[in-house]
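> Need a 3D model of the sequence below.
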Amino acid sequence: MYSVNNLSVQFGGESLFDHISFIINEKDRIGLVGKNGAGKSTLMKIITRLIQPGEGNVIIPAGTAIGYLPQEMVPDSKTTVFGETMMAFSGILELKEQIAGLENELKIRTDFSSSGYQELVRSLSELYERFNFLEGQTIHINVEKVLTGLGFTREDFHRPLKEFSSGWQMRVEIAKILLRQPELILLDEPTNHLDIESIQWLEGVLISYKGAVVLVSHDRAFLDNITKRTIEISMGRIFDYKANYSGYISLREERLESQVATFNNQQRQIRQIERFVERFRYKATKARQVQSRIRMLEKIDEVELDSFDESSIHFRFPPAPHSGKIIIETKDLTKKYPQKQVFSNLNFTIVRKEKIAFVGKNGEGKTTLSKILAGKLDYTGVLKFGHNVVTGYYAQDQSEFTNPDKTVFQTIDDIATGDIRPRIRTLLGGFLFSGDSIDKKVKILSGGEKSRLSLARLLLIPSNLLILDEPTNHLDMQSKDILKDALLQYDGTLIIASHDRDFLQGLTNKVFEFRNGTIREHQGDIYDFLETRNMENLSQLENNVVTAKDNSKTEQLSLNKINREKKKILDRDTRRLKTQVLKCEEVIGKLESEIRQREAILSDPGIHHDQLNKGDLFTGYGDMKARLEQELKLWETLHTRLDEMIGQGAG
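Numbers count the residues shown, from 1 in each chain. All right, here's what the predicted structure looks like:
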């Protein structure tokens, strides 16, 4: 058991934590959630004693090993992928060296009957026993298993680690943590560095892990599949729920509704008592009752409503300029580097208003193709863009496209043109940059702030082809939901590379799977694709079971269990879509009511000409009609997807 006691932390005079306390049990699976900047990463650093709190402490039992993956780090390994991963077993490797040293010494000794020789034999025997106890003979097998699960190939094992991107180097850090098997694992945004297949592999490992696991993640599906407890950090306080992320959302809403009802009832009671006291304060015959009620008021323990940080980004993509039907055509599109061919002879066509997800293992070419389509990389073969195609591009690595020494305001001001220039501050305000924050330099922004700034840049030039490479990395849950809603309403063509299954669900209608240097097209959204891939994998498993049916160690796969899990996921996503449809219908109903009222005013023959000449009535009426049209499009998109999911057997 690990105890966080009465922690308080202040930065720049503002309180990040205010006397928070909680306990981590030995086999807990905890999701640590909250908005960007709430203090999740700071709390992890305090638990690992990388920083000290202003007040309070963290009690960790003596001898407890903690594995911590930070959100960002600068690896400086000078060895290979396999060699760096083997550092997880530094104690066993030292033991192995000691054994080799004693064996070499015994080889040259000839005094077999001496006490010194016998002492060497005893020491070597003890080292062998300890080596076998620590399962030292299996460490190479374990390293291979974990590296393969995280997406490395055998050819990668002996390449220098520094040849890999920072994301792949972070995978090696994850591998080292898992191989050390600490009693407590703290992972800060681990899915930022993984593809979908590796995420699913890591889920399986963490679900069955023998110790405690605390996760910071903005991947809803990842949290739902692993965690059984959620701790929310909001405005310096914590709220602890015994549920995964989706369960926490439901419980939080129920708690807030109950709290508001209790608060309103109490306020009603207080007003009644105060009215009685005010009315009869000066009547001698009522003096006793008045004093009794005054004492009653003094004893009331007033209910306080929990306060939450409700600030959020708000924006919509500008209408897409009209384009031709064909957006992109390729023929034998190829990209190779001196040391590697990424893909070759790609042939595909993208038509107007298609919504396409790029998926596949890291290193298969998703980012490379995104950069080629955005005009950021050269290539061989043919790449044709259709009539009047205007591209907007969001890069996975924002440092390539932003100057770290410029301020937030300068970053937008440098590329803003025309009517947007006077409205830069308003635009930045929509992405939570206001006051002094617009003068921050890019290099000191958090990951979430950099992501918001990059999204703001996308709005400066209306585009009809959006290419987004991992746009949800570092965004909190609320910002991701708002981005998804904006993309659902976007009326252009969308290409999005992402490993976030929950974010992609319902957003795209086609999947480009990158595998072995080529692309396979799949109709449907991400869960349709995953179902297809699971069936392919299942067929392979069934073949293996037939050829190795006498092997007692062969694991039997339960189809009923798989189907139940799929049904559970489908039902959860269906409920979420139904909620979105209902909210959309409420907005449509309000807009239609407001439009009818405005039409009644405009059709009134008694309306004064001065009022009509102001134009406010017409402008407001036009805005309402345009918004109603957007909401109807969103409703149609959501409802179509809901019908598809119900057709798949959702409840």
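> what is the mean pLDDT for the lengthiest helix in the chain?
The single longest helix within the chain, with elements called by DSSP state H, is helix 559-602. Here helix 559-602 scores 73 as its mean pLDDT.
> Check which helices and strands it sits against.
Packing partners of helix 559-602 (3 or more C-beta pairs under 8 Å, 6 or more residues apart in numbering; DSSP states H and E): helix 526-547, helix 616-647. Where C-beta positions appear, they are placed from N, C-alpha and C, glycine not excepted.
> Run the chain-centre distance for that helix.
The chain centre lies 23 Å from the centre of helix 559-602; the measure is C-alpha atoms, centre = their mean, to the nearest Å.
> tell me the domain ranges of the protein?
1-65+182-242, 79-181, 249-299, 326-524, 559-647 (automatic domain parsing).
> about what we covered before: okay, the angle between the longest helix of the chain and helix 616-647?
For helix 559-602 against helix 616-647, the angle by axes from the mean of the first three to the mean of the last three C-alpha atoms, to 10 degrees is 160 degrees.
> show me the contacts for the spatially most central residue of the chain.
For the chain, the residue nearest the mean C-alpha position is H218 (2.5 Å; C-alpha atoms, centre = their mean). For H218, the contacting residues are E189, T472, H474, L475, D476, M477, K480, D500, by C-beta atoms under 8 Å, 6 or more residues apart in numbering.
> Which of the three states applies to it?
When classified by DSSP: H, G, I helix; E, B strand; the rest coil, H218 comes out as coil.
> Could I get the pLDDT score of it?
pLDDT, read off for H218, is 83.
> So which residues of the stretch 101-250 of the chain form helices?
Along the stretch 101-250 of the chain, the stretches classed as helices by DSSP state H, counting those that start in this stretch are 115-133, 139-149, 166-180, 196-207, 220-226, 245-280.
> so what does the fifth one touch, helix or strand wise?
Read it as helix 220-226. Contacts defined by 3+ C-beta pairs under 8 Å, 6+ apart place helix 220-226 against strand 29-33, helix 196-207, strand 212-216, helix 245-280, helix 501-504.
> which residues are contacting it?
Residues contacting helix 220-226 (C-beta under 8 Å, 6+ apart): 29, 31, 33, 191, 199, 203, 206-207, 213, 215, 217, 230, 244-246, 477, 500-503, 572.
> filter these to the buried ones?
Buried members of those, counted by 16 or more other C-beta atoms under 10 Å: 29, 31, 33, 191, 199, 203, 206, 213, 215, 217, 230, 244-246, 477, 500-503, 572.
> neighbours around N473, how many?
For N473, the count of nearby residues is 24 (other C-beta atoms under 10 Å).
> Look up phi and psi at it.
Backbone torsions for N473, taken as degrees, to the nearest 10, come to phi -60, psi 130.
> need the contact list for the residue nearest to it when sequence neighbours are not counted.
Closest residue to N473 apart from its sequence neighbours, by C-beta to C-beta, 6 or more residues apart in numbering: N192 at 4.8 Å. Applying C-beta under 8 Å, 6+ apart to N192 gives the contacts Q71, G167, E470, N473, H474.
> Out of these, who's the most crowded?
N473 (24 neighbours).
> List the residues that contact it.
Taking C-beta under 8 Å, 6+ apart, one finds E189, N192, Q396, G447, S451 in contact with N473.
> Residue ranges in the protein under the pLDDT threshold?
Where the chain drops to pLDDT under 70, the residues are 12-13, 75, 303-312, 398-401, 533-570, 602, 604-620, 647-651.
> Could you report the neighbour count for the residue lying closest to I526 once chain neighbours are set aside?
In space, I526 comes closest to L504 once its chain neighbours are excluded; the distance is 4.0 Å by C-beta to C-beta, 6+ apart. When neighbours are counted by other C-beta under 10 Å, L504 registers 25.
> swap in T472?
T472 has 24 neighbours, counted by other C-beta under 10 Å.
> Thought I496 was touching it, still the case?
No. Contact criterion C-beta atoms under 8 Å: T472 and I496 do not qualify, at 9.4 Å.
> State the distance from the residue nearest to the centre of the chain to K480.
Per C-beta to C-beta, to the nearest Å, H218 is found 6 Å from K480.
> Quick check: neighbours shared by these two?
T472, D500.
> Surely L333 is in contact with L377?
No. Between L333 and L377 there is no contact under C-beta under 8 Å: 11.3 Å.
> So those two - more neighbours on which side?
Between L333 and L377, L333 has the larger neighbour count (other C-beta under 10 Å), namely 22 against 14.
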